[in-house]
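can't give you the sequence, but here's the structure:
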């Protein structure tokens, strides 16, 4: 276990270092933002790793030689530019060390994410063993849905542990974001911006204190907050770089998950204040080329993998007559139906209201609004939604009741109404289309109500001593909770103590089947999980109708009826078999 812990710490520092190096290289030679903080360089590093995985995978599997070559280049750059990289840090070394210590404690766990064996690990294995596959989604539609963060993970394979440190990446993303928050507090003079950052830090500690919860939704939440903070800082400084950085962050939001498109409205909020200055973006040719390259290459990748620009939106899927590898509009619509029902409390309704009896996604969506509200009200997620709104209003109440009122910069009526509309629309769409906290809720509600309080209430200065005491208590809570968790995990893993905190993946049995002389591996014990089974792993042999290899590229054509049956089976599995 001691060797595992030392290795764990070394891996964390190594990943942190190469991601930071990637961000620094990109900013030096492509984007050329001025005064980019250490935390922002780290966030940019993730975007660069995605861009690398995207470009490479069109032509090659992301094998060991490619991975280690990337590592070597980034480490050499870091060593040669060590002093310059240190200079971009805008907080004290002590604060930087404390954040490292806290995030190391948070990251120590051997509890994998719930989706690891369903699509996280299969995607990583696919990326590392095959170049892009036409119709990959036909193997199992869970792995063809544009999970871009897991594509990034394919570049982080290391000797001995291989892909087993995958879970560190969302934690490191959050780490860079928190460093950015502290750096912003250090240099920001606007009290309102500081109060919003205080709220974000408090929310992250209270709501996201277990690393097992860190899926791809958390990086999107961080990016949404990042754009909002950029906007609030822009209100005071009018520095157009905040706009440019927000466009890039918004694009990455959309790439990570489709609901990230709501981030566009926060970018639109800049426009009534920028006016003609918005056209200055065309002066940044490298920046525009980079943005457009990522966008169009992502669309191309999605079409190759699934036949859709963004699966499962059926309207933007290619018909199978024109692209035989496409999953097809009918299947996309069926999966979209599944997700639409899921976000309206289908799972909790089945368990708590329908006495555990199965109801189809279509059947649930066709029930009246009252039944859907029942589903949502009995969902455990309601507690998170209430927690979010309570924290927001507590912060606003404290600010309003404080003395020494803050001076507010005036904004003309028309721009102010446009900004309010841009902040209200994401919250409204969330409420109507996907009212679950994981889909960015905390950012939508906090940005809207903080801005309203800033514009229409007299906010006062919060006592600095009270702030220090409050956050000291939160840090003690965060550290204590995670130390107790670690102790409990060690106690419960006495039989596998040598695998803590980086445990081995489980092994599943599988059978090998040939379809058109191409080998497919099919799990013996599951239709949902390919886990660590070598690719190409297929949920069901009958799902592939035809397969061929052309110029080294695999083309997979589906059997529509079997894919429909697979989606129906996954619905029953999710609603009944695992809905305890």
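Done, it's in. Note that the structure is predicted; figures quoted are calculated from it, not measured.

show me where the stretch 201-350 of the chain has helices.
Secondary structure of the stretch 201-350 of the chain (DSSP state H, counting those that start in this stretch): helices located at 217-237, 241-256, 263-268, 271-274, 285-306, 329-343, 346-348.

would TSV of these with mean pLDDT, mean neighbour count and distance to residue 505 be doable?
All C-beta atoms are positioned from the backbone trio N, CA, C, and that covers glycine. Putting the helices of the stretch 201-350 of the chain into TSV (pLDDT from 0 to 100; neighbours: other Cβ atoms under 10 Å; distance: least, Cβ to Cβ, whole Å) gives the following:
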stretch	mean pLDDT	mean neighbour count	distance to residue 505
helix 217-237	94	23	22
helix 241-256	96	22	24
helix 263-268	97	21	34
helix 271-274	94	17	47
helix 285-306	96	17	23
helix 329-343	90	20	27
helix 346-348	89	24	27
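
Can you add distance to residue 542 and give the ones you listed back as TSV?
Shown next, in TSV, are these (distance: least, Cβ to Cβ, whole Å):
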stretch	distance to residue 542
helix 217-237	33
helix 241-256	33
helix 263-268	40
helix 271-274	52
helix 285-306	20
helix 329-343	14
helix 346-348	27
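
For residue 410, find the nearest of the ones you listed.
Residue 410 lies closest, by Cβ to Cβ, to one member of these: helix 217-237, at 10.6 Å.

name the helices or strands packed onto that closest one?
helix 38-57, helix 168-187, helix 191-207, helix 241-256, helix 263-268, helix 441-456 (3 or more Cβ pairs under 8 Å, 6 or more residues apart in numbering; DSSP states H and E).

Okay, helices next: where are they in the stretch 351-500 of the chain?
Applying DSSP H, counting those that start in this stretch to the stretch 351-500 of the chain gives helices spanning 361-365, 369-377, 381-401, 413-433, 441-456, 464-491.

low pLDDT regions in the stretch 401-550 of the chain?
For the stretch 401-550 of the chain, the stretches flagged by pLDDT under 70 are 408, 495.

swap the cut-off to 80 and go again
402-410, 458-460, 493-499, 526-529, 540-541 (pLDDT under 80).

re earlier: what's the most buried one of the helices of the stretch 351-500 of the chain?
helix 441-456 (a mean of 21; mean count of other Cβ atoms under 10 Å).

hmm, who's touching that one?
With Cβ atoms under 8 Å, 6 or more residues apart in numbering as the test, helix 441-456 has contacts from 192, 195-196, 199-200, 203, 207, 221, 224-225, 228, 262, 266, 384-385, 388-389, 392-393, 395-396, 399-400, 408, 411, 416, 419-420, 423-424, 426-427, 430, 435, 459.

next one: stretch 270-280
So stretch 270-280 is contacted by 231, 234-235, 238, 240, 242-243, 246, 411, 414-415, 418-419 (Cβ under 8 Å, 6+ apart).

and that stretch, how far out from the chain's middle?
29 Å (Cα atoms, centre = their mean, to the nearest Å).

now do the same end-to-end measure for that stretch.
By Cα to Cα, to the nearest Å, the extent of stretch 270-280 from end to end equals 13 Å.

Please give me every residue in contact with residue 323.
303, 307 are the contacts of residue 323 under Cβ under 8 Å, 6+ apart.

any idea how far it is from residue 551?
In this view, residue 323 and residue 551 are 17 Å apart by Cβ to Cβ, to the nearest Å.

same question, residue 165
Distance, residue 165 to residue 551, using Cβ to Cβ: 35 Å.

How about residue 56?
Between residue 56 and residue 551 the distance is 17 Å, computed by Cβ to Cβ.

Ok, residue 216 next?
Separation of residue 216 from residue 551 (Cβ to Cβ): 32 Å.

Check residue 442 too.
Following Cβ to Cβ, the distance that separates residue 442 from residue 551 is 47 Å.

With residue 372 instead?
The gap separating residue 372 from residue 551 is 49 Å, by Cβ to Cβ.

For residue 41, find the nearest of the helices of the stretch 201-350 of the chain.
For these, proximity to residue 41 was assessed by Cβ to Cβ; helix 241-256 is nearest, at 11.6 Å.

Give me the contact list for that closest one.
Here helix 241-256 makes contact (Cβ under 8 Å, 6+ apart) with 31, 33-35, 40, 43-44, 46-47, 50, 146, 148-149, 216, 219-220, 223-224, 226-227, 230-231, 233-234, 260-261, 263-264, 266-267, 270, 274, 278, 281, 284, 287, 291, 294-295, 298.

Pretty sure residue 324 sits against residue 558.
No. Residue 324 lies out of contact with residue 558 (Cβ atoms under 8 Å); the separation is 9.1 Å.

Overlap of the contact sets of those two?
When contacts are counted by Cβ under 8 Å, 6+ apart, residue 324 and residue 558 are jointly contacted by residue 135.

which of the two has more neighbours?
residue 558 (26 against 19; other Cβ atoms under 10 Å).

Could you report the separation of residue 244 from residue 31?
Per Cβ to Cβ, residue 244 is found 8 Å from residue 31.

Give the residues shared as contacts by these two.
Jointly contacting residue 244 and residue 31 under the rule Cβ under 8 Å, 6+ apart are residue 287.

After the host helix or strand of residue 68, which helix or strand is next?
Assigned by DSSP states H and E, residue 68 falls within helix 64-80. On the C-terminal side of helix 64-80, the closest following helix or strand by DSSP H and E is helix 82-87.

Give the buried residues for that following helix.
residue 85 (16 or more other Cβ atoms under 10 Å).

by contact count, what packs against it?
helix 2-26.

where's the helix it packs on relative to the chain centroid, distance-wise?
On Cα atoms, centre = their mean, the centre of helix 2-26 falls 20 Å from the chain's centre.

Averaged pLDDT, that helix. What do you get?
Averaged across helix 2-26, pLDDT comes to 92.

repeat for stretch 308-319
pLDDT averaged over stretch 308-319 gives 91.

First-to-last residue distance for it?
This stretch, stretch 308-319, spans 9 Å end to end (Cα to Cα).

switch to numbering from 26
Noted, 26 is the first residue going forward, which turns the last one into stretch 333-344.
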